[in-house]
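Undergrad: Everything below, folded, please.
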Amino acid sequence: MKRVQLVKLAHARSGDKGDASNIGLIALKPAYYPILREKVTSEAVKRHFTGICNGPVERYELPNLCALNFILHGALGGGGTISLRNDAQGKTMSTALLRMEIEIPDNEEL
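TA: All right, here's what the predicted structure looks like:
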């Protein structure tokens, strides 16, 4: 097995919905979607955002888009209008997710 950052497999977009961060993770190739589906779970994302996400993480599958959508509740310090965080709208959360590492088989071609 080898460890790779998600940026090798996907691109992402993020934004805010009140105090929740909404992150879309889209496979760079359709062949990568099953890997993302298996490895990038709600639990793994919650662990990755330890200290940032204070609530549950929901995951939605969008197989027709080869994408996953995550809602990180309690991740924006109260939301854009009251948060004192530098990124109150969660625009950088997608970049943070792409830094997450997962394990894939050594023979998996990227």
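Undergrad: so who does residue 99 touch?
TA: 5, 6, 7 (C-beta atoms under 8 Å, 6 or more residues apart in numbering). All C-beta spots, glycine's among them, are computed from the backbone N, C-alpha and C.
Undergrad: any idea which helix or strand of this protein has the worst average confidence?
TA: Every helix and strand of the chain was ranked by mean pLDDT, DSSP states H and E. The lowest is strand 10-17, at a mean of 88.
Undergrad: Buried ones in it, by neighbour count?
TA: 10, 12, 14, 16 (16 or more other C-beta atoms under 10 Å).
Undergrad: Tell me which strands the helix or strand following it pairs with, and in which orientation.
TA: Using DSSP states H and E, the helix or strand that directly follows strand 10-17 along the chain is strand 20-27. If you go by DSSP bridges, strand 20-27 pairs up with strand 10-17 (antiparallel), strand 67-72 (antiparallel).
Undergrad: For residue 71, give me the pLDDT.
TA: The per-residue pLDDT reported for residue 71 equals 96.
Undergrad: what about the helices in this structure?
TA: For the chain, helices defined by DSSP state H occupy the ranges 33-39, 42-48, 93-98.
Undergrad: still on that earlier bit, now render the contacts of residue 99 as JSON lines, adding pLDDT and neighbour count.
TA: Converted to JSON lines, the contacts of residue 99 look like this (pLDDT from 0 to 100; neighbours: other C-beta atoms under 10 Å):
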{"residue": "5", "pLDDT": "97", "neighbour count": "13"}
{"residue": "6", "pLDDT": "98", "neighbour count": "24"}
{"residue": "7", "pLDDT": "97", "neighbour count": "15"}
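Undergrad: between these, which is nearest residue 42?
TA: Closest to residue 42 out of those is residue 6 (14.8 Å), distances taken as C-beta to C-beta.
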